[in-house]
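1. build me a model:
(one chain, ligands or ions: 2)
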Amino acid sequence: MSDQYTFDNPVTRYPTDLGAPELDLDTPGLDSELTPRADLGENTYRGTGRLDGRKALITGGDSGIGGAVAIAFAREGADVAISYLPEEQSDAQRIADLVEAAGRTAVLLPGDVGDAAYCRQLVADATEALGGLDILVNNAGKQQNQATLEEISDEQFDETMRTNVYSLFWITKAALPHLGAGSTIINTSSIQAYSPSENLVDYASTKAQINTFSKALAQQLAPKGIRVNVVAPGPIWTPLQASGGQPPEALPEFGEQTPLGRAGQPAELAPAYVFLASPESSYVIGETLNVNGGMPNP
Ligand code: NAD
Ligand code: MG
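-> Ligands and ions are numbered 1, 2, ... in the order given. Sure, this is the predicted structure:
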């Protein structure tokens, strides 16, 4: 069986033509309703003990990139708590089953990361259930395309900021007292931080903020032995994109603009998070690891 270590051609590793229909799922999109289904590494991610005994909290860990990271972390030996919205219970349960199938503990903690009280409770509950915390992945995100600035409602702007930026502040601040030397924080940014699309003005701005927040904090925490890094994905096939992240008519060609000529799959992101979470990356701090099919950026 092939896994992430199989030498093959990255161009043809996944279909160049995704075969995606023009989907318009309700937000938040469910992985179980995504057509075609995304690859979260269920049948391909092979762990080698790189995170043995670690305790991780992953926001948006029910689906897409966060779901793939949860599977990979568990197979590398970590116990995993995941945050997600209550509407995503079925997706979250599926990931929890996969974490447990890897012999690790899964903790499910639903709620809205746009709410400060939930963010604080999330960290408290995750830490208590896992018996500590040494990996924090801030990955939850909201993305709704709007053709014009006038079409971005005040509510959407506020929700995008709260979900993508305020949550990062609230959750990280609450986590710090629990994180010892050797702990790692990994935040999910985007190619949108550097090459913003005209129809993602609010979303793209939050991703630039996440990069800068992370680079500033990385310097502050490095002397304590806590490393902060970022993963910046390109176009990845997830429910976020099929629930208004892109206009439905853009989905059939999604990702074909990349030098690889195809969309990425969540499974292709997980190894970047594993690398940044593990002590292999001990001298990597304040870095943004681009996983985007070859699109140039600073
Ligand atoms: P996804 O929909 O699978 O994951 C996003 C998750 O965010 C959801 O599962 C949901 O649980 C969580 N979330 C959203 N709003 C929330 C709220 N108010 N409270 C709690 N949780 C909330 O999609 P994904 O693409 O895997 O997204 C993961 C991250 O990757 C996001 O930060 C996104 O911005 C980023 N990203 C995605 C792409 C892409 O092409 N898919 C590209 C660049 C960056
Ligand atoms: Mg989800």
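2. quick check: residue 66 touching residue 60?
-> Yes - counting by C-beta atoms under 8 Å, residue 66 touches residue 60, with 4.0 Å between them. Every residue, glycine included, has its C-beta placed from N, CA and C.
3. return every residue with contacts to both of the two.
-> Shared contacts of residue 66 and residue 60 (C-beta atoms under 8 Å, 6 or more residues apart in numbering): 139, 140, 188.
4. tabulate those in a markdown table, adding columns for neighbour count and distance to ligand 1.
-> Output for these, formatted as a markdown table (neighbours: other C-beta atoms under 10 Å; distance: C-beta to the nearest ligand atom, whole Å):
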| residue | neighbour count | distance to ligand 1 |
| --- | --- | --- |
| 139 | 24 | 5 |
| 140 | 24 | 4 |
| 188 | 26 | 4 |
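5. in the stretch 1-150 of the chain, what residue is nearest ligand 2?
-> residue 63 (3.2 Å; C-beta to the ion).
6. and for the stretch 151-298 of the chain?
-> Closest contact between the stretch 151-298 of the chain and ligand 2, by C-beta to the ion, is at residue 239 (5.6 Å).
7. tell me, how many residues neighbour residue 147?
-> If you count neighbours by other C-beta atoms under 10 Å, residue 147 ends up with 10.
8. dihedrals phi and psi, the closest residue to it other than its chain neighbours?
-> Leaving out its chain neighbours, the residue that sits closest to residue 147 by C-beta to C-beta, 6 or more residues apart in numbering is residue 199, at 5.4 Å. Here is the backbone geometry of residue 199 (degrees, to the nearest 10): phi -100, psi 10.
9. just residue 139 next, same as before
-> phi -130, psi -10.
10. thinking it is in contact with residue 62, fair?
-> No - shown here, residue 139 and residue 62 do not form a contact pair, counting by C-beta under 8 Å, at 10.4 Å.
11. please report the distance of the closest residue to the residue of the stretch 151-298 of the chain closest to ligand 2 other than its chain neighbours from residue 70.
-> Of all residues not flanking residue 239 in the chain, residue 29 sits nearest, at 2.8 Å (C-beta to C-beta, 6+ apart). Remark: distance between residue 29 and residue 70 (C-beta to C-beta, to the nearest Å) = 17 Å.
12. tell me how far the residue lying closest to residue 252 once chain neighbours are set aside lies from ligand 1.
-> The shortest distance from residue 252 to any non-neighbouring residue, by C-beta to C-beta, 6+ apart, is to residue 20 (5.5 Å). According to C-beta to the nearest ligand atom, to the nearest Å, residue 20 stands 12 Å off from ligand 1.
13. how many neighbours does residue 20 have?
-> Neighbour count of residue 20, defined by other C-beta under 10 Å: 22.
14. hmm, residue 36 and it touching each other?
-> Yes - Residue 20 sits in contact with residue 36 when judged by C-beta under 8 Å, with a separation of 6.7 Å.
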